[in-house]
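Participant: Got a predicted structure here, sequence first:
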Amino acid sequence: MRKQAYAVAAVVDSIAATVQRAKAVRPISKTALMPALAVASPPRDPGMAVGLAGSWAGDVALLGDSDRAFRTGLFSFLVAHIGYTAALARRSRPGSRKAVVPIVAASAAGAFAFARAAGPMGRPVGLYALTLGTMVAAASTARGPGARRVFGGAALFAVSDALLGASRFVLKGRAAKVASAGVMPTYTAAQWLLHTGVEQGR
């Protein structure tokens with residue numbers, strides 16, 4: 001039942017994010033996401049707990065559309081990724097770092113591109129993108145039970161944030177709406193895979 005509660009919150013919020021008439025539901029559905037995940041998969045690693053708390057703060061901040069709300073959300077998720085990175089690095093094994101260099105290189109290229117597109121918010125966006133890339137790189141080194149789930153979650157997180165950045169800074173009109181529609185489904189799936197993958201490996 002606890003897993004179903006998170007699934008329901010994720011589906012409801014993903015729909016509410018794209019359907020204009022349902023947007024009034026979002027202060028409830030989006031705010032409920034991380035608490036529901038904490039109940040379904042309680043974080044026992046302190047880094048995962050920091051990630052969960054930072055993600056919740058970011059979710060709440062991004063209910064607003066202003067630049068200030070976006071900066072607050074960006075900072076909150078940056079803190080979340082630092083926590084996730086610390087937790088995932090503890091699951092690293094010798095000889096598991098082959099993918100780190102290409103992931104970091106791709107993240108740096110993406111960070112540069114989004115920083116240029118973000119204009120006045122370029123520096124915080126670029127820093128955030130690098131931090132996210134570091135988290136994905138750490139996930140690529142995880143080994144043991146749940147490792148594939150962990151990396152899948154980290155990769156989906158990157159996809160979700162790329163869609164968010166593209167819809168806000170790069171795309172216009174219908175293309176921006178299509179990209180925006182993919183943000184919450186990929187984000188909620190990413191969080192589920194990350195947390196359940198880490199707990200599976202404990």
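Facilitator: That came in fine, so what should we check first?
Participant: Residue 199 touches residue 144, doesn't it?
Facilitator: No. The pair residue 199 / residue 144 is not scored as a contact, 12.0 Å apart, by CB atoms under 8 Å. All C-beta atoms are positioned from the backbone trio N, CA, C, and that covers glycine.
Participant: Which one's more surrounded, those two?
Facilitator: residue 199 (18 against 12; other CB atoms under 10 Å).
Participant: Buried residues in the helix or strand that one falls within, which are they?
Facilitator: For residue 199, the element it lies in under DSSP states H and E is helix 183-200. Neighbour counts over helix 183-200 (16 or more other CB atoms under 10 Å) mark 183-199 as buried.
Participant: and residue 78, what does it touch?
Facilitator: Residue 78 sits next to 54, 127, 128, 131 when contact means CB atoms under 8 Å, 6 or more residues apart in numbering.
Participant: Quick check: mean pLDDT of whichever strand or helix holds the third one?
Facilitator: Spelled out, it's residue 128. If you go by DSSP H and E, residue 128 is part of helix 122-140. Helix 122-140 shows a mean pLDDT of 94.
Participant: What of stretch 103-119?
Facilitator: 87.
Participant: Show me which residues of it are buried.
Facilitator: For stretch 103-119, burial by neighbour count (16+ other CB under 10 Å) applies to 103, 104, 107, 110, 111, 113, 114, 115, 117, 118.
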